[in-house]
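Novice: here's a sequence, model it:
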Amino acid sequence: MKLLDVKAVLDRDADIQQTDCDCVVLKELDDNSTRYAILSHRWGTEVGYEEMTELMKMEGRKRDKIRQRDGYQKIIKSCEQAMKDNYEWLWIDTCCIDKKSSSELSEAINSMYQWYRNAQVCYAYLHDVDGSTFPTQRNNNKFRESNGWPEWFVRGWTLQELIAPKQVEFFNKDWVLIGSKRRLGPTLQAITGIPFQVLRDGLASKRLSVAQIMSWAADRKTTRVEDRAYSLLGLFGVNMPMLYGEGSKAFRRLQLEIIRESNDHSIFAWNPRVLRLGSVLATSPRDFQDCHHIKKVEFDEFTGKLTDYIEENKLGSPSSKSKFLRADITIRRKRRVHQRKLAALRDAAHSQQLGTFSVSNAGIQVWLPVIPSGRNHLRAILACSDIFGHLVTIDLVSSASSFDRIFCTTDVPKTYPEFKTLYLTHQGANEGLREFTLDDNTASYHGFTRCGTFPREFTGNTVSLSSLTNDLILVVYADDDVRSFFAVGLGYCLGQGWVHITCDENSAAQREDWKDFSRRVYNRMWNARAEHARSMPKRREEGGYGCHSDNFIKHAHLPRSIYAARVVWGRWEMDNFKLMIDVEQCPGSCAGPCRWTATANDRHGLDMPGLMKTDFHSYRLKVDGWWVWFDECSGQKIALGDYGDYFSGKFKRDGNIYEDMRALGINATDPAYCPVASRISDSGYAPHHTENQNDFYVIRYGRYKRLLLSQPKGFLLPANEHFVMLLKALSTRLAGKHLVIAVIQSLDVRRAGDTERKQRDVGRVSSLGTGIGQRQPLHGTSHPDAVVQSCKSASLAKRASLCT
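Specialist: I've put the predicted structure just below:
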């Protein structure tokens with residue numbers, strides 16, 4: 001290791017102008033034979049290796065700036081303290097490691113626990129303590145960002161720096177000694193959760209489980225995600241290469257290294273705050289937060305513990321309520337069988353297989369006693385115990401050739417455990433997870449916002465549920481005045497994703513907190529999850545162009561209000577799901593939740609402001625690379641944004657969105673509302689004898705018929721969030737109407753006959769439009785029902801239904 005020469009550093013600083021430029025302040029020494037002090041601290045504006053070694057070769061002004069840093073003053077004060085304590089050498093992580101050398105950095109990280117353990121004294125510098133005594137009471141006002149204690153106690157690297165050294169001395173910001181590890185033992189135990197015996201005598205002084213050690217790091221933070229794993233290497237006596245950039249995979253690698261070195265089952269005993277399905281390995285030390293009291297059960301003790309577990313839970317034992325109670329011979333026979341079963345399990349528990357792990361790409365191979373608990377489900381019994389001395393169990397579900405960890409399972413039958421060889425999943429990704437993506441932006445238009453989720457939290461708009469378990473999560477919404485709640489339940493049951501919506505039916509005088517509402521609704525939905533799964537509508541596929549992906553709408557009136565909550569459900573590739581949640585004005589004559597209503601969206605169509613149901617008609621043309629179908633409409637003057645009634649190719653205009661915007665004082669020239677230019681692609685070749693044939697684009701009709709457009713230009717209504725909110729604001733006047741969402745402007749149009757030899761001029765076409773047409777009552781909550789295409793002297797129109 002490279003150590004600072006304390007005297008050389010202080011002499012150089014005392015006479016910086018006269019010191020030789022070749023002055024050496026760092027020297028390579030053996031940590032086992034050298035007496036040295038070591039510093040533990042929270043990083044700030046530090047001085048690096050190159051700056052420390054090249055300081056005398058720098059230009060004066062640059063050198064002075066470095067010497068003014070807090071990090072440099074920390075080095076000088078540490079050296080002064082070491083000199084006072086008669087130590088010639090000092091190690092500080094900021095300036096004693098050449099971090100440009102990956103090999104040196106890797107060696108330092110893998111050796112750091114040993115270096116701190118071999119130091120004669122560790123100086124722990126608490127930069128945020130200004131008092132002359134060590135803080136023995138939590139102070140959330142002063143140490144708000146660090147759980148009420150000095151920041152040093154929540155950093156990841158300082159955990160090993162507290163445990164490893166034999167002697168730790170604490171200094172305040174002015175380098176006044178305020179205590180030592182031995183004298184402050186009870187207080188340090190209360191702050192860190194580390195037993196005083198370990199603080200005093202080290203890790204070897206107490207039989208510790210992997211889960212216990214992990215729990216000490218659960219609330220600690222590091223600047224780099226990888227360091228949450230790297231900072232724990234020495235505590236577990238393992239080594240591994242540093243791969244900065246791997247992110248959370250580092251912690252998975254750490255656990256696999258521990259498994260290769262240890263047979264401690266407690267590494268599987270973690271219990272996350274956010275329940276999830278998949279790997280039996282934890283995602284971070286935080287998953288071990290509640291594992292302070294998890295103890296390793298030695299394998300010679302496991303036999304007795306397993307027998308106690310079977311007896312306490314009455315697994316496989318004769319029932320006192322048996323109908324054979326009066327038949328003594330039957331009872332005696334059952335007891336003999338019971339004793340034989342217990343004897344067989346005790347013999348199996350003594351097998352060396354119980355303490356043998358192996359890791360491969362197939363999973364972590366273990367040999368455990370398990371209790372089958374339904375189709376593909378097992379409850380595995382681990383050789384570790386909780387605070388009450390009971391054996392810890394984990395639930396598993398079969399996924400292909402391995403077993404995933406789960407946290408929601410059915411009741412376990414009272415059957416005997418049996419030892420089995422299992423392959424436990426240790427990879428992060430899992431095929432059993434399905435994503436539910438929520439779009440609830442428009443719900444806020446009427447004052448409703450998401451106030452929470454239950455029983456677990458998730459951030460953003462995507463939540464993963466297990467397709468292998470009966471998973472369920474609620475998303476709860478409330479209006480600004482909290483006069484109304486409604487909850488959307490997302491679940492998976494019977495191999496089917498499902499969604500259900502329910503409202504708060506309590507009277508205004510019986511108002512409850514949203515969390516109480518969530519618990520009540522969760523229990524109700526959980527009990528009815530199979531019914532909700534069976535009631536979900538089935539997906540429909542249609543071949544050919546414009547293949548449909550079904551969407552379904554459910555509506556529920558909110559009691560004591562003029563609003564209804566509405567959810568649109570769609571299933572997409574890989575069995576993942578998308579939901580749109582909205583609130584609309586409702587006359588209150590409905591009874592909700594109503595049944596599902598089906599609609600469909602053109603998967604291969606244009607990007608439109610809302611959910612569209614497309615009708616397919618005669619003519620087709622490529623717009624922005626998508627096939628768009630048209631009806632022919634002649635003699636009509638229609639503009640982008642027009643709305644009105646449409647029937648049999650005839651459009652009756654009632655108004656225009658852009659005119660309404662100006663009347664409402666909305667800036668129609670805002671880029672968010674401006675029409676979007678689209679590219680028209682040729683769908684065939686113009687007849688060879690047509691003049692300027694390269695200027696014409698072809699619209700097909702049937703196998704031979706063609707319509708020729710001269711230099712067409714397309715314009716679409718924007719499909720962004722702002723425009724969707726605009727349509728919602730105008731939904732009252734647009735309800736039941738058709739809306740022109742696209743136009744195609746052309747200099748000229750010519751009709752080709754049944755063959756390319758036949759040609760007829762039909763005059764000029766100003767514009768062609770595409771849109772949606774109403775075929776059924778309004779389904780949506782934020783947009784009008786329909787859109788058509790427009791033209792002047794001749795046109796083609798595409799129709800579809802806008803559903804949300």
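
Novice: from now on I want contacts and neighbour counts done on CA atoms only, so please keep to that.
Specialist: Will do.

Novice: so which helix or strand takes in Lys314?
Specialist: Assigned by DSSP states H and E, Lys314 belongs to no helix or strand.

Novice: surely it is in contact with Pro413?
Specialist: No. Under the criterion of CA atoms under 8 Å, Lys314 makes no contact with Pro413, lying 10.2 Å away.

Novice: for Gln339, grab the count of nearby residues.
Specialist: Around Gln339 there are 12 other residues, counting by other CA atoms under 10 Å.

Novice: pull the number of nearby residues for Arg434.
Specialist: If you count neighbours by other CA under 10 Å, Arg434 ends up with 19.

Novice: how far away from the center of its chain is the strand or helix carrying it?
Specialist: According to DSSP H and E, Arg434 maps onto strand 433-439. Relative to its parent chain, strand 433-439 has a centroid offset of 11 Å by CA atoms, centre = their mean, to the nearest Å.

Novice: tell me the gap between the helix or strand that that strand is followed by and the middle of its chain.
Specialist: Scanning forward in sequence from strand 433-439 by DSSP H and E, the next helix or strand is strand 448-454. Relative to the centre of its chain, strand 448-454 is centred 17 Å away, using CA atoms, centre = their mean.

Novice: what comes up buried for strand 448-454?
Specialist: Judged by neighbour count using 16 or more other CA atoms under 10 Å, the buried positions of strand 448-454 are 448-450, 452-454.

Novice: and what of stretch 143-155?
Specialist: Under the neighbour-count criterion of 16+ other CA under 10 Å, stretch 143-155 has 146-155 buried.

Novice: how about stretch 224-239?
Specialist: Here stretch 224-239 shows 225-236, 238-239 as buried, counting by 16+ other CA under 10 Å.

Novice: go on, stretch 36-47?
Specialist: For stretch 36-47, by 16+ other CA under 10 Å, it's 36-42, 46-47.

Novice: mind listing the strands the strand holding Arg434 pairs with, and their directions?
Specialist: If you go by DSSP bridges, strand 433-439 pairs up with strand 462-466 (antiparallel), strand 577-585 (parallel).

Novice: got a list of contacts for the last one?
Specialist: Applying CA atoms under 8 Å, 6 or more residues apart in numbering, the set of residues contacting strand 577-585 from outside is 434-443, 445-446, 448, 562-572, 781-782.

Novice: put the alpha carbons of it into PDB.
Specialist: This file holds the C-alpha atoms of strand 577-585, laid out as PDB (Å, rounded to 0.1, in the frame of the first residue of the first chain):
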ATOM      1  CA  PHE A 577     -51.000  -4.000 -20.700                       C
ATOM      2  CA  LYS A 578     -51.800  -0.300 -21.300                       C
ATOM      3  CA  LEU A 579     -54.500   1.600 -19.400                       C
ATOM      4  CA  MET A 580     -56.000   5.100 -19.800                       C
ATOM      5  CA  ILE A 581     -57.700   6.400 -16.700                       C
ATOM      6  CA  ASP A 582     -60.000   9.400 -17.100                       C
ATOM      7  CA  VAL A 583     -62.800  11.300 -15.400                       C
ATOM      8  CA  GLU A 584     -65.800  12.800 -17.400                       C
ATOM      9  CA  GLN A 585     -69.000  14.600 -16.600                       C
END
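
Novice: by how many degrees do it and strand 448-454 diverge?
Specialist: 140 degrees (axes from the mean of the first three to the mean of the last three CA atoms, to 10 degrees).

Novice: distance from the chain centre to strand 577-585, please.
Specialist: 22 Å.

Novice: average pLDDT for that strand?
Specialist: For strand 577-585, mean pLDDT is 83.

Novice: quick revisit: buried sites along the strand holding Arg434?
Specialist: Neighbour-count burial for strand 433-439 flags 433-438 (criterion: 16+ other CA under 10 Å).

Novice: name the nearest residue to Lys142, ignoring sequence neighbours.
Specialist: Gly148 (7.1 Å; CA to CA, 6 or more residues apart in numbering).

Novice: again with Tyr658
Specialist: Among residues not flanking Tyr658 along the chain, Ala668 sits closest, at 6.1 Å (CA to CA, 6+ apart).

Novice: OK, contacts around the one you found?
Specialist: 658, 661-662, 674.

Novice: switch the cut-off to 10 Å
Specialist: 657-662, 674 (CA atoms under 10 Å, 6 or more residues apart in numbering).

Novice: of these, keep whichever come out buried.
Specialist: Buried by 16+ other CA under 10 Å: 657-658, 661, out of the contacts of Ala668.

Novice: among those, name the ones in helices.
Specialist: Among the buried ones among the contacts of Ala668, the members found in helices (DSSP state H) are 657-658, 661.

Novice: redo those residues as TSV? Include distance to Val370.
Specialist: Formatted as TSV, these follow (distance: CA to CA, whole Å):
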residue	distance to Val370
Ile657	66
Tyr658	68
Met661	67
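
Novice: can you redo those residues as JSON lines with pLDDT and distance to Thr136?
Specialist: Formatted as JSON lines, these follow (pLDDT from 0 to 100; distance: CA to CA, whole Å):
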{"residue": "Ile657", "pLDDT": "89", "distance to Thr136": "67"}
{"residue": "Tyr658", "pLDDT": "90", "distance to Thr136": "67"}
{"residue": "Met661", "pLDDT": "89", "distance to Thr136": "64"}
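
Novice: I'd like the buried residues of strand 433-439 laid out as JSON lines, including pLDDT.
Specialist: Below are the buried residues of strand 433-439 laid out as JSON lines (pLDDT from 0 to 100):
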{"residue": "Leu433", "pLDDT": "69"}
{"residue": "Arg434", "pLDDT": "77"}
{"residue": "Glu435", "pLDDT": "81"}
{"residue": "Phe436", "pLDDT": "85"}
{"residue": "Thr437", "pLDDT": "86"}
{"residue": "Leu438", "pLDDT": "86"}
